[in-house]
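A.B. asks: my questions concern the predicted model and sequence given below.
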Amino acid sequence: PESAPRLLSCPHRSCGACLRQYLRIEITESRVNICCPECSERLNPADIRRLLRDSPHLVAKYEEFMLRRCLAADPDCRWCPAPDCGYAVIAYGCASCPKLTCERDGCQTEFCYHCKQIWHPNQTCDMARQQRAQTLRVRTKHTSGLSYGQESGPDPCFLPAADDIKPCPRCSAYIIKMNDGSCNHMTCAVCGCEFCWLCMKEISDLHYLSPSGCTFWGKKPWSRKKKILWQLGTLIGAPVGISLIAGIAFPAMVIGIPVYVGRKIHSRYEGKKTSKHKRNLAITGGVTLSVIASPVIAAVSVGIGVPIMLAYVYGVVPISLCR
């Protein structure tokens, strides 16, 4: 029945009104990989269109986000930066001649292939970016200085600062994040790009473990001086640090593994109607086996861990230092 519509992607049934509200929220927040509320199966686009047939503007927004997500995978796709345009240009071989023109009727906005912003004659991309940031800061400062009721727009207390708004490095969709030192690992809801809020580059899970100067939490990356001092300190102090870690880890594992096994076996038999002799026999056997196995486990762990740490210190760090 329509009150609990059937979905094509999975057998789960949910309240139709709740499903529609769920879809409205997801699409409004620019999410297109929408999953069933009961499981991880993605909803079929046909189901989304059927459930939102009374909201054509949401369907249009959903299809626009889907298109943007697909086109974002093309490295030569560039979106027109004009407000409310949403037109894309596939610009193959335009790196040497970066001036692009939006072909949508009534737009004709000229923009840059490299920085994906309004065309900036007689300026480099960095110069234009700095000018835009300065203009945005001035506007934000001016707006926040107005008293409540002096403007017809939203309350200036809730307007984001210039540093709180940045474009996704892949699809250029603007993203707002509070500059409060919270997590800097960002995921674009439109194209799925994972990037660092500090350096605004696409990243992998190892970005914050490498000596890049970016931190998982924090408001700004390390200065070049701090970064170089940390890297040099790592190169010089690594042998001592790694030897110390290995020297502590080996005996800790040799002693700790039997103790851990003995406690786990004891807690397993605790509260059960088992003879004391059987429990003691199980604990003795488990501890004896772990005493025999723990030196082997410790040796293998240290033997694998030390080369990995040395490869990181004398492989990854020097490469980063030369950048």
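C.D. replies: Cool, the structure landed.
A.B. asks: residues contacting the residue most central in space within the chain?
C.D. replies: Within the chain, the residue whose C-alpha comes closest to the C-alpha centroid is residue 186; the distance, by C-alpha atoms, centre = their mean, is 3.4 Å. Applying C-beta atoms under 8 Å, 6 or more residues apart in numbering, one finds that residue 186 lies in contact with 175, 177, 194-197. In short, each C-beta sits where N, CA and C put it, glycine included.
A.B. asks: show me where pLDDT drops low in the stretch 1-150 of the chain?
C.D. replies: Applying pLDDT under 70 to the stretch 1-150 of the chain flags the ranges 1-2, 136-150.
A.B. asks: show me the helices in it, by range?
C.D. replies: With DSSP state H, counting those that start in this stretch applied, the stretch 1-150 of the chain shows helices at 16-28, 45-51, 56-71, 125-144, listed in chain order.
A.B. asks: looking at those helices, which is closest to residue 269?
C.D. replies: Comparison of these against residue 269 by C-beta to C-beta identifies helix 16-28 as nearest, at 47.8 Å.
A.B. asks: and the closest one, what does it pack onto?
C.D. replies: helix 45-51, helix 56-71 (3 or more C-beta pairs under 8 Å, 6 or more residues apart in numbering; DSSP states H and E).
A.B. asks: report the buried residues of the shortest one.
C.D. replies: In this case it means helix 45-51. For helix 45-51, the neighbour count (16 or more other C-beta atoms under 10 Å) marks 45, 47-48, 51 as buried.
A.B. asks: could you do stretch 102-121 as well?
C.D. replies: By neighbour count, with 16+ other C-beta under 10 Å as the criterion, the buried positions of stretch 102-121 are 102, 109, 111-113, 115-116, 119-120.
A.B. asks: and the residue nearest to the centre of the chain, helix, strand or coil?
C.D. replies: strand (DSSP: H, G, I helix; E, B strand; the rest coil).
A.B. asks: and the residue sitting furthest away from the middle of the chain, how far is that from residue 262?
C.D. replies: The C-alpha centroid of the chain is most remote from residue 277, which lies 54.3 Å away (C-alpha atoms, centre = their mean). When C-beta to C-beta, to the nearest Å is applied, the distance between residue 277 and residue 262 equals 16 Å.
A.B. asks: counting contacts, what elements does the helix or strand hosting residue 265 pack onto?
C.D. replies: In this structure, residue 265 sits in helix 224-269 according to DSSP states H and E. The contact analysis (3+ C-beta pairs under 8 Å, 6+ apart) places helix 224-269 against helix 276-311, helix 317-321.
A.B. asks: cheers, nothing more for now.
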